[in-house]
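Q: Sequence and predicted model, in that order:
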Amino acid sequence: MKALILYDSLGGNTEKVAKRIHSALVEGGVQAELIKVAEDTELDLYDYDLLFLGSPVIAWGPTNTMRDFVMKKLRAYHKEKIQPSAPLRPGKFAVSFCTYSGTHIGEDEAIPLTKWFSSFLGHLGCQVMCEWNIVGEFHNIEEPNINGRLGDIRGRPNEHDLLDVENRVKGLLAGLAAWMA
């Protein structure tokens, strides 16, 4: 199995999660690539059996760089690879993930992003296995926000959060192994 963790990160939260996903995959015997998306990122998502697509939540969506990458790929694949009704492609699986601070409405701020990623991955014919919304510290403010719906989120994702991500990856790999047996 060949996996790709494609992510963007602004304050480091999503990068921490992406790196933990990568290490858990490698520990599980999966050949995995970890790539931070950039304006010039060129790769074929169909080269991978398991895709992880992640970003911090910015106004209910991904970063501009990730949005532009996804839209560019969607346009390119519509010309040659996406089929009407988007049938599942055997052996193609995916996970959508994000980090969010949810200071106003909690996890509801994250759900639109992971759903958007999942819709894109579904168009590619991937079986979307999970959508992971992981709490992350809100950066770029002078005073930490500890009064939001999530309470004090300074330092998150913390080791407990990252261990949860690692365990989710292990569970996913176990499920895929059973499914493909």
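A: Arrived safely. Numbering: from 1, shown residues only.
Q: For this structure, just list every one of the strands.
A: Using DSSP state E, the strands of the chain run over residues 2-7, 31-36, 50-56, 93-100, 127-135.
Q: closest to Lys81 out of those strands?
A: Lys81 lies closest to strand 50-56 among those, at 13.9 Å (Cβ to Cβ). (C-beta placed from N, C-alpha, C; glycine too.)
Q: what ranges of the chain fall below the confidence cut-off?
A: 140-145 (pLDDT under 70).
Q: would TSV of the strands of the chain with mean neighbour count be doable?
A: As requested, those are exported to TSV (neighbours: other Cβ atoms under 10 Å):
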stretch	mean neighbour count
strand 2-7	22
strand 31-36	16
strand 50-56	27
strand 93-100	27
strand 127-135	19
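Q: Kindly list the longest helix within the chain.
A: helix 159-180 (DSSP state H).
Q: From the contact counts, what lies against that one?
A: On a contact count with 3 or more Cβ pairs under 8 Å, 6 or more residues apart in numbering; DSSP states H and E, helix 159-180 meets helix 13-27, strand 127-135.
Q: at 6 Å what do you get?
A: Applying 3 or more Cβ pairs under 6 Å, 6 or more residues apart in numbering; DSSP states H and E, one finds that helix 159-180 contacts helix 13-27.
Q: Report the backbone C-alpha coordinates of the helix it packs on in PDB.
A: C-alpha atoms of helix 13-27 as PDB (Å, rounded to 0.1, in the frame of the first residue of the first chain):
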ATOM      1  CA  ASN A  13      -0.900  22.500  14.300                       C
ATOM      2  CA  THR A  14      -1.800  20.700  11.100                       C
ATOM      3  CA  GLU A  15       1.900  19.800  10.500                       C
ATOM      4  CA  LYS A  16       2.100  18.100  13.900                       C
ATOM      5  CA  VAL A  17      -0.900  16.000  13.000                       C
ATOM      6  CA  ALA A  18       0.400  15.200   9.500                       C
ATOM      7  CA  LYS A  19       3.700  14.100  10.900                       C
ATOM      8  CA  ARG A  20       2.000  11.800  13.400                       C
ATOM      9  CA  ILE A  21      -0.100  10.300  10.700                       C
ATOM     10  CA  HIS A  22       3.100   9.700   8.600                       C
ATOM     11  CA  SER A  23       5.000   8.100  11.500                       C
ATOM     12  CA  ALA A  24       2.100   5.800  12.400                       C
ATOM     13  CA  LEU A  25       1.700   4.700   8.800                       C
ATOM     14  CA  VAL A  26       5.500   4.000   8.500                       C
ATOM     15  CA  GLU A  27       5.400   2.200  11.800                       C
END
